[in-house]
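Trainee: this one's structure only:
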DNA sequence: CCCATTATGTTCGTTAGCGTACAGATTACG
DNA sequence: CGTAATCTGTACGCTAACGAACATAATGGG
């Protein structure tokens, strides 16, 4: 008897018609992801795709000298492993667990089988991939034109949107890696936000106190991405 | 009697099996694109998709204040309009003709019909979209970590790879818009390249003199993108 | 409880790129 | 041909972010 899976916590799975969902359900395996765990190294084949529940995964572009930048973030609204059904099998980016938690995983081949039925699952995954495209594009322009203060706000909001509570476990060092800036820069920006009473943190625990305040400071990039996700994945879709 | 179309100039079309190609051929319409022409405005529905032949199209992310950054470039190796078959119909980015020339265009609905046959065309377009994802991701990290000199080299190489000759028609002002930097910054970087004997230009005409020299100066981002395109689109693919 | 480890705070000189302003130089066009 | 428009070159002060170095503070394992 299969352990009951709260698949609806993942928005993509929740959008699937019952028929498709029932086909997948027996093969969805619940796993616990730990902070810093790698789900996918650059150029490596993935055995599984992951549907996060309350965990968050960062997609990072890592350069030869070790410097990195987050190009997208994936939570309950998405899945990790689009390259499997897109046909390339691998990607040059890494997938790192940014916030520990649960996810449902599925063998890559089973996802591909479902995808190639060319039914609702395919259309859903493609729209999700387009949303991911938008997030990457907006990250590129944000990296170019906005300062660390704004980017930190964006990053905090994107993260907290994908978590059940209002607290995240994350050091400034790690945030700096994600944003591709210095740790000291994050310390300074975070200090401003704390002084303004928007967040409070100590040693790897960041609490969001005044979310509207953060939204008032964030650059447009956050909103653009959020609205595109809503448009592509959140409304009544003819499957 | 249809005008013969040199469709093979477009690599995507050239990779299609005869059957698929013959189905599309009658509906491919040759058009001339002029510098600066917009093929797609942010959030607007596209009537057609475009398969560039010798033209180049820039995908730009434009912000509220008018500042912009190029997030990807499309030439003979690709097509403009992935959002049509990805299901979102629109995207928040603009598509601007960066180098005048010819393209084949196809009514959006016809492309979608072909895509939904779930055959070789679908698999090809999806792999192309993944290549585009990589280009965007690498652009994001390049914007973060590399200086204008390196980015200009990358931009020049990406452009010249998509052109028949070794000359491009492009002012420094426009390059600055693409890279999302000041015009003066481009003037300075281009001056260095000219002094080093790698390029020569005057008033909107840039000639590549020493391509290996450019490759020696460019950041890894160029190579990563190029190799990923080759891997995804250039080898013997089981259609 | 102590000490090694890890996280955060602060400083300081350096630099790349910005914004602005303006001066030549080339082209387009009436 | 001559004037306006466009393109390119150069200069200058300013700022955000960098790199490096070091201080303080909290945590956790022996």
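Mentor: Ah, there it is. All of these numbers come straight from a predicted model, not from anything done at the bench. Numbers count the residues shown, from 1 in each chain, chains lettered A, B, ... in the order given.
Trainee: what bits of chain A have low per-residue confidence?
Mentor: Counting by pLDDT under 70, the low-confidence segments of chain A come to A:1-8, A:235-239.
Trainee: What helices and strands are in contact with the strand or helix carrying residue A:153?
Mentor: In this assignment (DSSP states H and E), residue A:153 forms part of helix A:148-160. Secondary structure elements in contact with helix A:148-160, counted by 3 or more C-beta pairs under 8 Å, 6 or more residues apart in numbering or on different chains; DSSP states H and E, are strand A:68-74, helix A:120-145, strand A:167-169, helix A:172-179, helix A:183-195, strand A:205-208, helix A:211-217, helix A:220-233. Every residue, glycine included, has its C-beta placed from N, CA and C.
Trainee: mind listing what residue A:82 touches?
Mentor: Contacts of residue A:82 were listed using C-beta atoms under 8 Å, 6 or more residues apart in numbering or on different chains, and they are A:125, A:128-129, A:132, B:130, B:133.
Trainee: If you rank those residues by neighbours, which is first?
Mentor: For those, counting by other C-beta atoms under 10 Å in any protein chain shown, the largest number of neighbours falls to residue B:133: 28 neighbours.
Trainee: For chain A, what lies in contact range of DNA strand C?
Mentor: Residues of chain A found near DNA strand C (C-beta under 7 Å from any atom of the strand) are A:171-173, A:183-184, A:187-188, A:190-191, A:194, A:201-204.
Trainee: Residue A:78 reaches residue A:15, doesn't it?
Mentor: No: at 11.2 Å, residue A:78 does not count as touching residue A:15 under the criterion of C-beta atoms under 8 Å.
Trainee: And those two? Which one has more around it.
Mentor: When residue A:78 and residue A:15 are compared for neighbours, residue A:78 comes out ahead with 26 against 21, by other C-beta under 10 Å.
Trainee: Leaving out chain neighbours, which residue sits closest to that one?
Mentor: residue A:128 (5.6 Å; C-beta to C-beta, 6 or more residues apart in numbering or on different chains).
Trainee: OK, contacts around the one you found?
Mentor: For residue A:128, the contacting residues are A:12, A:78-79, A:82, A:232-233, by C-beta under 8 Å, 6+ apart.
Trainee: interface residues of chain A facing DNA strand D?
Mentor: A:147-149, A:180-182, A:184-185, A:202-203.
Trainee: close to chain B, is the helix or strand harbouring residue A:21?
Mentor: When elements are assigned from DSSP H and E, residue A:21 belongs to helix A:18-24. No: taking C-beta under 8 Å from any C-beta of the partner chain as the criterion, helix A:18-24 and chain B are apart, separated by no less than 15.7 Å.
Trainee: From residue A:11, how far out is the most centrally placed residue in chain A?
Mentor: The central residue of chain A, meaning the one whose C-alpha is nearest the mean C-alpha position (C-alpha atoms, centre = their mean), is residue A:74 at 1.4 Å. Here the criterion is C-beta to C-beta, to the nearest Å. By it, residue A:74 lies 11 Å from residue A:11.
Trainee: does residue A:45 sit in a helix, a strand or a coil?
Mentor: The three-state label for residue A:45, taken from DSSP: H, G, I helix; E, B strand; the rest coil, comes out as coil.
Trainee: shouldn't it be in contact with residue A:88?
Mentor: No: between residue A:45 and residue A:88 there is no contact under C-beta under 8 Å: 10.5 Å.
Trainee: the more surrounded of those two?
Mentor: Applying other C-beta under 10 Å to residue A:45 and residue A:88 shows that residue A:88 carries more neighbours, namely 22 against 11.
Trainee: residues contacting the spatially closest residue to residue A:57 that is not a sequence neighbour?
Mentor: The shortest distance from residue A:57 to any residue that is not its chain neighbour, by C-beta to C-beta, 6+ apart, is 4.7 Å, and that residue is residue A:74. Listed by C-beta under 8 Å, 6+ apart, the contact partners of residue A:74 are A:52, A:56-59, A:80, A:95, A:132.
Trainee: do residue A:23 as well
Mentor: residue A:114.
Trainee: what's the domain layout of chain A?
Mentor: According to the domain assignment given by automatic domain parsing, chain A is divided into the following structural domains: A:7-142, A:147-218.
Trainee: so how far is chain B from residue A:19?
Mentor: Between residue A:19 and chain B the computed distance is 18 Å (C-beta to the nearest C-beta, to the nearest Å).
Trainee: And that residue, how far from residue B:90?
Mentor: Between residue A:19 and residue B:90 the computed distance is 29 Å (C-beta to C-beta).
Trainee: Give me the common contacts of residue A:45 and residue A:88.
Mentor: Common neighbours of residue A:45 and residue A:88, counting by C-beta under 8 Å, 6+ apart, are absent.
Trainee: Give the full set of residues in contact with residue A:226.
Mentor: Contact partners of residue A:226, counting by C-beta under 8 Å, 6+ apart, are residue A:161.
Trainee: OK, now which residue of chain A is nearest to DNA strand D?
Mentor: Closest contact between chain A and DNA strand D, by C-beta to the nearest atom of the strand, is at residue A:147 (2.8 Å).
Trainee: Report how many residues lie close to that residue.
Mentor: Number of residues near residue A:147 (other C-beta under 10 Å) recorded here: 12.
Trainee: again with residue A:165
Mentor: Per other C-beta under 10 Å, the neighbour tally for residue A:165 reads 9.
Trainee: how far away is it from chain B?
Mentor: When C-beta to the nearest C-beta is applied, the distance between residue A:165 and chain B equals 29 Å.
Trainee: What strand or helix carries that residue?
Mentor: Secondary structure (DSSP H and E) places residue A:165 outside all helices and strands.
Trainee: What distance do you get for it to residue A:208?
Mentor: Summarising the geometry, the distance separating residue A:165 from residue A:208, computed by C-beta to C-beta, is 9 Å.
Trainee: Could you do residue A:190 as well?
Mentor: Residue A:190 is 12 Å from residue A:208, where distance means C-beta to C-beta.
Trainee: Can you say which helix or strand has the closest residue to residue A:58 other than its chain neighbours in it?
Mentor: The spatially closest residue to residue A:58, leaving aside those adjacent along the chain, is residue A:98, at 4.3 Å (C-beta to C-beta, 6+ apart). Mapping residue A:98 onto the secondary structure by DSSP H and E places it in strand A:94-99.
Trainee: right, and residue A:133 touches residue B:135 too?
Mentor: No: Residue A:133 is beyond contact range of residue B:135, at 10.5 Å (criterion: C-beta under 8 Å).
Trainee: Residue A:148: how many residues sit nearby?
Mentor: When counting by other C-beta under 10 Å, one arrives at 18 neighbours for residue A:148.
Trainee: My understanding was that it contacts residue A:179; is that so?
Mentor: Yes: the pair residue A:148 and residue A:179 qualifies as a contact (C-beta under 8 Å) at a distance of 7.0 Å.
Trainee: Quick check: neighbours shared by these two?
Mentor: Jointly contacting residue A:148 and residue A:179 under the rule C-beta under 8 Å, 6+ apart are residue A:186.
Trainee: just to revisit the earlier point, output the helices and strands packed on helix A:148-160 as CSV; include the columns distance to residue A:23.
Mentor: Formatted as CSV, the helices and strands packed on helix A:148-160 follow (distance: least, C-beta to C-beta, whole Å):
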stretch, distance to residue A:23
strand A:68-74, 23
helix A:120-145, 9
strand A:167-169, 35
helix A:172-179, 36
helix A:183-195, 44
strand A:205-208, 38
helix A:211-217, 39
helix A:220-233, 21
